[in-house]
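Participant: Sequence first, predicted model second:
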2 protein chains.
Amino acid sequence: MAAFDKIEGLSDDLKLVDVYVDEYLRDESGHTALRSVLNTITTGGGKKVRPLVLLLSGRFGPKWPKCRDQLCKMGATVEMIHTASLIHDDIVDDSPLRRGRPTVQSKFGKEMAVYAGDFVLSRIVFYLFKEASIEAGMLLAKTVESMCYGEIGQYAHAYDTKVTVEDYLSNIFGKTASLFVAACGIGAMESGCGEKTSMILRQVGEHIGYLFQLRDDLLNIISTGDREGKPVHSDFINGTYTLPILHALHHPSGHRLREVIHTIGSGAAVSDCIKEEIQDILNSSRGIEFTRETIRCHAEQAGELLSSLPEGPARQGFYEILDRLTAD
Amino acid sequence: MAAFDKIEGLSDDLKLVDVYVDEYLRDESGHTALRSVLNTITTGGGKKVRPLVLLLSGRFGPKWPKCRDQLCKMGATVEMIHTASLIHDDIVDDSPLRRGRPTVQSKFGKEMAVYAGDFVLSRIVFYLFKEASIEAGMLLAKTVESMCYGEIGQYAHAYDTKVTVEDYLSNIFGKTASLFVAACGIGAMESGCGEKTSMILRQVGEHIGYLFQLRDDLLNIISTGDREGKPVHSDFINGTYTLPILHALHHPSGHRLREVIHTIGSGAAVSDCIKEEIQDILNSSRGIEFTRETIRCHAEQAGELLSSLPEGPARQGFYEILDRLTAD
């Protein structure tokens, strides 16, 4: 994230996060198969948003900048939790691509994806015991638990047209927001923030997490990812009904969408004609506008919370994240 | 394990292990799907051999019996690591049954199996941070890493007729023996054993782990599990060439087995006629006898190590385990 360069030392910190990720994932087993998987993972890019919010949160406490190295270590474990969850999510989604590159399961098989994910988890736990406080270790364990709840909740509601907005929000809290909350909380904890600042940062993390996932879900509906320039709709096809769809389902014209769902059945490919029908329903129910409003609402609340924190580059960094996540 | 009743307090300790497993896996999320999975897991039986060797090892140190409760807690985490690994192994094996009951993935889908396994892992980590020493936490994280290496190694060598006995032994060390080593090591550690006793117990654990897996692999070849009373040979069909098969492959008549493997291809069903051919090859190469000898050899070495430990019910318990694992 080049534009964060203006925050002094931040890009160095993000580089150090990468160094620790590489160190924590180092493999001495000599298994060429595992080495290939780890190369795929570590060179896979990713925006490191979770370490970023952790590092920024870590600039609000009195222990900053003494805690700098520890923040980078914790940033690495948070990024690795995200990586492990992506590897395991891809098994479930049968996704061929992630960040434009082949997924571990599509390239190396689901066997490798199961154990590569578990391997990453084992390394996280080892380094948490080695480097982190008991408090941070317990918090991250609880976060992984929440992430499982979110994924299980989403799976349990797959193809369920009766899923409520509350169910959906609860699932995206677990899947995504919980790790942002933990990242901000650990940044605050490691830098010695007081309870009030720490709570504000955790709440900011929660809003960022929600709007991050809401935006992701929206892009799945409005972005034109396939060759014909039509929306991918992979969430819809997989039976994950995200906010725009749920809004449409609860709209007076919701019966039209239920009919479409009934017609295509579960897991089937969706024709361009049906994609146009879905788009038409979403337009008339204003599901996309409603989702954009919800995203703006989270960004506004996060901004308001941030305004009570001391001015400076760290706060500016959070505003920058909010701007980017609400830009399109 | 009823015959262990003669060791005073041991069956109570094993019951307390179950109590802790239930407590550690308690789910307050209200997800009915996850609750059903957890019920399947916790009522699934299992012989609790890993907690058993941990509890027995914990009787050799000066902190016994003060450390009793802590041993049961650690026994619970060790059993849960085993459970999580079974849930994830079953995704890879596509096994319909485990311990005669439907597996999590066959009953609830692989989505649920991925996250149920991760959920169990998150609970283990939480309670390790809450209850265990840093040393024990790091040891168990390293053990999970070894287990991943073992599984990855096995997968990397699937259908490979050039796999060596050393590769095989290295994989079963990771898959199985490493957790037995850790269980004995933690029992010794928590009860305050000196380095010498601790090392002996870890070595005993290693031999038990090897013979446990060797016996399991042998049973897959000689037991008559299907309706026609023919050997299941599921390892062979899945391309996992265990010791009896490897011995036959390296025998002067190994070409016959390679021809069979070449004929049936990977993942195919194996006819009764081919099963008889395999049995015939195993008989002529004495692969089964060689495996039995290897098992006996591990049992003898474990017995010899045990003879240097103080006499008493705990040592008797280990001898009893060895007797059972070499009985058939």
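Facilitator: Sure thing, it's come through.
Participant: Packing partners of the top helix by length along chain A?
Facilitator: When chain A is parsed with DSSP state H, its longest helix is helix A:195-222. Judged by 3 or more Cβ pairs under 8 Å, 6 or more residues apart in numbering or on different chains; DSSP states H and E, the packing partners of helix A:195-222 are helix A:49-57, helix A:165-172, helix A:178-190, helix A:234-237, helix A:243-249, helix A:287-307, helix A:313-325. C-beta coordinates here come from the backbone N, C-alpha and C atoms, glycine included.
Participant: 7 Å instead, please
Facilitator: Packing partners of helix A:195-222 (3 or more Cβ pairs under 7 Å, 6 or more residues apart in numbering or on different chains; DSSP states H and E): helix A:49-57, helix A:178-190, helix A:234-237, helix A:243-249, helix A:287-307, helix A:313-325.
Participant: Just the CA atoms from the first one would do, formatted as CSV, please.
Facilitator: The C-alpha trace of helix A:49-57 is given here as CSV (Å, rounded to 0.1, in the frame of the first residue of the first chain):
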residue,chain,number,x,y,z
VAL,A,49,-4.9,-4.9,5.8
ARG,A,50,-5.1,-6.8,9.1
PRO,A,51,-1.4,-6.3,10.0
LEU,A,52,-1.9,-2.7,8.9
VAL,A,53,-4.7,-1.9,11.4
LEU,A,54,-2.7,-3.7,14.1
LEU,A,55,0.4,-1.6,13.4
LEU,A,56,-1.7,1.6,13.3
SER,A,57,-3.5,0.7,16.6
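Participant: Could you list the residues in contact with that helix?
Facilitator: Applying Cβ atoms under 7 Å, 6 or more residues apart in numbering or on different chains, the contact partners of helix A:49-57 are A:1, A:10, A:13-14, A:17, A:71, A:74-75, A:78-79, A:82, A:179-180, A:183-184, A:186-188, A:201, A:205, A:208, A:314, A:317-318, A:321.
Participant: Around chain B, pick out the residues from the stretch 51-200 of chain A.
Facilitator: A:88, A:91-92, A:110-112, A:114-115, A:118-119, A:121-123, A:125-126, A:129-130, A:134, A:137-138, A:141-142, A:144-145, A:148-149, A:151-153, A:155-156 (Cβ under 7 Å from any Cβ of the partner chain).
Participant: And for A:Ala132, nearest residue in space, chain neighbours not counted?
Facilitator: Distances taken as Cβ to Cβ, 6 or more residues apart in numbering or on different chains put A:Met74 closest to A:Ala132, at 6.5 Å, once the chain neighbours are dropped.
Participant: Could you list the low-pLDDT ranges of the stretch 101-250 of chain A?
Facilitator: Along the stretch 101-250 of chain A, segments meeting pLDDT under 70 span A:225-232.
Participant: measure the residue lying closest to A:Thr32 once chain neighbours are set aside to B:Val165 for me?
Facilitator: Setting aside the residues directly before and after it, A:Thr32 is nearest to B:Ala156 in space (Cβ to Cβ, 6+ apart), at 7.6 Å. The gap separating B:Ala156 from B:Val165 is 16 Å, by Cβ to Cβ, to the nearest Å.
Participant: Which of these two has more residues huddled nearby?
Facilitator: B:Ala156 (18 against 14; other Cβ atoms under 10 Å in any protein chain shown).
Participant: how much space between the more buried one and B:Lys48?
Facilitator: Remark: distance between B:Ala156 and B:Lys48 (Cβ to Cβ) = 31 Å.
Participant: swap in A:Ser307?
Facilitator: Distance, A:Ser307 to B:Lys48, by Cβ to Cβ: 56 Å.
Participant: ok, the two, which is more surrounded?
Facilitator: Neighbour count, other Cβ under 10 Å: between A:Ser307 and B:Lys48, B:Lys48 has more, with 20 against 10.
Participant: so who does the more buried one touch?
Facilitator: By Cβ under 7 Å, 6+ apart, the contact list for B:Lys48 reads B:Leu14, B:Val17, B:Glu79.
Participant: which among the residues you listed gets closest to A:Trp64?
Facilitator: Proximity of the contacts of B:Lys48 to A:Trp64 (Cβ to Cβ) peaks at B:Glu79, which lies at 42.5 Å.
Participant: Can you check the pLDDT for that closest one?
Facilitator: Model confidence at B:Glu79, given as pLDDT, is 96.
Participant: List the contacts of it.
Facilitator: Under the criterion of Cβ under 7 Å, 6+ apart, the contact list for B:Glu79 reads B:Val17, B:Val21, B:Lys48, B:Arg50, B:Pro51.
Participant: Most neighbours out of those residues, which is it?
Facilitator: Going by other Cβ under 10 Å, B:Pro51 tops the contacts of B:Glu79 with 29 neighbours.
Participant: so what's it closest to, chain neighbours aside?
Facilitator: Take B:Pro51 and drop its neighbours on the chain: the residue closest to it by Cβ to Cβ, 6+ apart is B:Gly75, 3.3 Å away.
Participant: give the contact list for A:Ala136.
Facilitator: Counted by Cβ under 7 Å, 6+ apart, A:Ala136 has contacts A:Met74, A:Ile186, A:Met189.
Participant: report the angle between the axes of the helix or strand harbouring it and helix A:165-172?
Facilitator: Secondary-structure assignment from DSSP states H and E places A:Ala136 in helix A:134-156. If you take axes from the mean of the first three to the mean of the last three Cα atoms, to 10 degrees, helix A:134-156 sits at 130 degrees to helix A:165-172.
Participant: circling back to that earlier point, for the contacts of B:Glu79, which two are the farthest from each other?
Facilitator: Farthest pair in these (Cβ to Cβ) is B:Val21 and B:Arg50. Separation: 11.7 Å.
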